[in-house]
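K.L.:
Sequence first, then the predicted structure, then my questions.
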Amino acid sequence: WHRIVSEDGNFSLDLAIYTQVNWIANRTSAAPTDHGFEIGTVRITFAGSIIDPSLTYATRLTVGDRGVGTLEFATFQKQYDNGVMLQAGLIEPQFSLEQAIDNNQQLGVGLSFTAGQWDPSALPGLSIGWTSDDFRAWGTYSNDWGRSYVDVLRNQRQTVIGRAEWKPFGDWTDLYDFNAYPETIVPGMLLGVGGAFGWGATDIGGPNEADGDATRLTADVSLQSPGLGGMATISWQSGVPGTDLSGGGERLAVVGQAGWFLDPTVEVYARGEWGTPLLDGVEDLRVFTVGASWMPRSNRMIKVSAEFMQVLGDARYWEIDGDPGIRQVETPQSIVRAQLQLSF
């Protein structure tokens, strides 16, 4: 019902809708205990082909918890028979595994806090990709990391972002899921690396002027077996513009997570995270999460999740835009989160 296709098959339009309703409670000695509901994310995606099936388009409108709509991406892509693709527009560059996997497949309520710190966001630029039986690679040339909209006449800052993956065994589709369903998966393993380098100046003469070289690196491994999946990542950055409290400077983080299907409708999961801003006198950030999800249709079209998070250390120095409910304070936090996710 959500797909329109021309008689000759050269034009198509697919509509996808994704929404999350969250209930969150946060308890910490640094602030009063708060709790309440929020609309986590609402996404409307239009995608399809034009002229012929190898020329595709995709655009997505995202509305966050404050009710502000943003254009998440808007791309045109040409796919060639030799596995090469070219993409132009407002691109979501491939960098880390958590950003490469669709958010619909995330374990529980949210991604790790590193998904916010090492998120390039959508960037205007050009991208090229290549896929074979066992290897994939992408490269993007665009405006600076994390700056979707800039004044082009005050921007001379550019970035290159790349990611490469090797699949020793398994299926690409299953490995692009944090924990694939036991009825569909074959055992698999995925190894990935990502890197980004930015240079030049942006917002020249403005209040948000940034200058200097910035380097970001990440590496990850994912293992999948029927009903059980795990992932581990390590990420590092150096020379990133901005203050230490706004996520700039040098820092290092590690994430490990695993999910297990008790049956095709019930999934339990756990995640551990550690990060350091590499500053004297600043305590490392540690986050521990356990939770469970119920999916009555044995897919993530309808998903109800509940989880408990314990946050230790100093969270003030991190861009935690992907983890609702975490306060940027330096005291321990206990967080309970529940979510209803609809995706169709």
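P.N.:
That came through, no problem. Numbers count the residues shown, from 1 in each chain.
K.L.:
can you map out the helices along the stretch 151-300 of the chain?
P.N.:
172-175 (DSSP state H, counting those that start in this stretch).
K.L.:
Show me where it has its strands.
P.N.:
Applying DSSP state E, counting those that start in this stretch to the stretch 151-300 of the chain gives strands spanning 158-169, 188-199, 201-202, 210-211, 214-225, 228-240, 249-263, 266-276, 285-294.
K.L.:
Output the below-cut-off pLDDT ranges for the stretch 201-344 of the chain.
P.N.:
By pLDDT under 70, the low-scoring segments of the stretch 201-344 of the chain are 322.
K.L.:
can you do 90?
P.N.:
Along the stretch 201-344 of the chain, the parts satisfying pLDDT under 90 run over 201-212, 225-227, 241-243, 245-247, 263-264, 297-301, 319-325, 343-344.
K.L.:
what element comes up after the longest strand seen in the chain heading to the C-terminus?
P.N.:
Secondary structure of the chain read by DSSP state E shows that its longest strand is strand 31-50. Next helix or strand after strand 31-50 toward the C-terminus (DSSP states H and E): strand 52-63.
K.L.:
Return the angle between stretch directions for that next one and strand 31-50.
P.N.:
Orientation of strand 52-63 against strand 31-50 (axes from the mean of the first three to the mean of the last three Cα atoms, to 10 degrees) gives an angle of 160 degrees.
K.L.:
Send over strand 52-63 as PDB, restricted to the C-alpha atoms.
P.N.:
Provided in PDB are the C-alpha atoms of strand 52-63 (Å, rounded to 0.1, in the frame of the first residue of the first chain):
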ATOM      1  CA  ASP A  52      15.500   3.600 -14.700                       C
ATOM      2  CA  PRO A  53      15.900   1.400 -11.600                       C
ATOM      3  CA  SER A  54      19.700   2.200 -11.400                       C
ATOM      4  CA  LEU A  55      19.000   5.900 -10.700                       C
ATOM      5  CA  THR A  56      17.500   6.400  -7.300                       C
ATOM      6  CA  TYR A  57      16.500   9.200  -4.900                       C
ATOM      7  CA  ALA A  58      15.900   9.400  -1.200                       C
ATOM      8  CA  THR A  59      14.800  12.200   1.200                       C
ATOM      9  CA  ARG A  60      13.900  12.100   4.800                       C
ATOM     10  CA  LEU A  61      12.200  14.700   7.100                       C
ATOM     11  CA  THR A  62      13.000  14.200  10.800                       C
ATOM     12  CA  VAL A  63      11.100  15.800  13.700                       C
END
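K.L.:
Just the mean pLDDT for that strand, thanks.
P.N.:
Average pLDDT, strand 52-63: 90.
K.L.:
Export the following helix or strand past it to CSV, keeping only CA atoms.
P.N.:
Counting by DSSP H and E, the next helix or strand C-terminal to strand 52-63 is strand 69-79. The C-alpha coordinates for strand 69-79 follow below in CSV (Å, rounded to 0.1, in the frame of the first residue of the first chain):
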residue,chain,number,x,y,z
GLY,A,69,11.7,19.5,11.6
THR,A,70,15.0,19.0,9.8
LEU,A,71,15.9,17.6,6.4
GLU,A,72,18.0,14.5,7.4
PHE,A,73,19.2,13.7,3.9
ALA,A,74,18.3,14.3,0.3
THR,A,75,20.3,12.3,-2.3
PHE,A,76,20.5,11.1,-5.9
GLN,A,77,22.4,7.9,-6.5
LYS,A,78,23.5,6.1,-9.6
GLN,A,79,24.3,2.4,-9.3
